[in-house]
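**Student:** sequence? don't have it. structure:
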């Protein structure tokens with residue numbers, strides 16, 4: 001199951017990148033360089049590519065979250081870092097005495 005989800009996640013990532021790259025540029029990064037004429041029409045409803053990108057992005061996020069939840073069950077419970085430090089402090093070497 002985990003391998004299937006991983007494969008689907010990779011395919012969705014590739015499709016998402018392709019959809020973003022083939023979209024028409026709206027122009028004016030972060031609103032810079034937009035004339036008054038373009039500003040009036042920039043709030044229209046998204047076209048098919050925009051909706052498809054949103055749909056694939058949503059599927060990608062859901063797939064990533066479910067992959068994380070499924071793979072989390074395989075983790076072994078670990079010991080606290082503080083417990084490991086306390087165990088290691090007992091094994092510290094002693095300073096040798098001076099034989100002079």
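**Tutor:** Sure, I can see it. The structure presented is a predicted model; accordingly, all values stated were derived computationally and were not measured.
**Student:** burial of residue 56, as a residue count?
**Tutor:** 19 (other CB atoms under 10 Å). To be clear about C-beta, it is placed using only N, CA and C from the backbone, and glycine gets the same treatment.
**Student:** ok, and residue 82, which helix or strand is that part of?
**Tutor:** If you go by DSSP states H and E, residue 82 is part of helix 81-89.
**Student:** gap between residue 8 and residue 78?
**Tutor:** Going from residue 8 to residue 78 by CB to CB, to the nearest Å gives 29 Å.
**Student:** Which residues belonging to the longest helix seen in the chain are considered buried?
**Tutor:** Taking DSSP state H as the criterion, the chain has its longest helix at helix 48-72. Across helix 48-72, burial judged by 16 or more other CB atoms under 10 Å covers 53, 56, 60, 63, 67.
**Student:** re the thing from before, residue 8 and residue 78: which is more packed in?
**Tutor:** Neighbours around residue 8 and residue 78, counted as other CB under 10 Å, are more numerous at residue 8. The numbers are 15 against 8.
**Student:** Hmm, that one is touching residue 63, no?
**Tutor:** Yes. The pair residue 8 and residue 63 passes the contact test of CB atoms under 8 Å, sitting 5.6 Å apart.
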